[in-house]
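# With the input below, show me the fold.
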Amino acid sequence: MLVWTVCAFRKPSMSEDEFHKYMSEKHAPMVRDLLARCGISQYTMTHFTSETKSLMAQVMDEQFLQGTSYDMITQIQFKDIQSFVNFRNDPFYKDKVVPDHDVFTDPDRVL
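Reported below is the predicted structural model:
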């Protein structure tokens with residue numbers, strides 16, 4: 001199994017609500033069939049809102065607070081490395097999914 005974790009930051013020009021709505025209603029549905037074709041076993045998005053960020057000081061040690069400014073975490077579990085390679089090499093991924101990232105993410109801050 002391979003788990004791919006992405007910590008995404010929204011584009012500075014997007015509001016928090018616009019970002020979360022775009023991810024849930026546009027981007028995730030776009031990649032759904034591709035992920036299924038490539039044999040994913042799990043796909044999750046965790047939205048990290050201003051409200052959740054404000055609560056972090058209550059649950060995190062100070063040393064970890066610096067790394068919690070992202071807007072969302074996406075985790076995709078692939079059954080094996082070849083499934084991940086197939087996903088990344090798929091023409092739909094290259095032609096549609098990759099360019100879509102520029103619509104909603106800050107490419108200089110993706111982890």
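
# ok, which stretches of this structure are helices?
All helices of the chain, identified by DSSP state H, fall at 16-22, 28-37, 50-59, 62-65, 81-89, 91-92, 98-104.

# To W4, which of those helices lies closest?
Smallest distance to W4 across the helices of the chain (Cβ to Cβ): 6.5 Å, for helix 81-89. The C-beta positions use only the backbone N, C-alpha and C, and glycine is treated the same way.

# gap between the two ends of stretch 86-106?
Terminal residues of stretch 86-106 are spaced 25 Å apart (Cα to Cα, to the nearest Å).

# Show me what counts as buried in it.
Neighbour-count burial for stretch 86-106 flags N86, F87, Y93, V97, F104, T105, D106 (criterion: 16 or more other Cβ atoms under 10 Å).

# can you pull the contacts of the residue most central in space within the chain?
For the chain, T74 is the residue whose C-alpha lies nearest the centre (Cα atoms, centre = their mean; 3.5 Å). Contacts here follow Cβ atoms under 8 Å, 6 or more residues apart in numbering; on that basis T74 touches T5, V6, A8, Y43, T44, M45, T46.

# ok, so of the buried residues of stretch 86-106, who is nearest S15?
Looking across the buried residues of stretch 86-106 and measuring by Cβ to Cβ, the closest to S15 is F104, at 11.2 Å.
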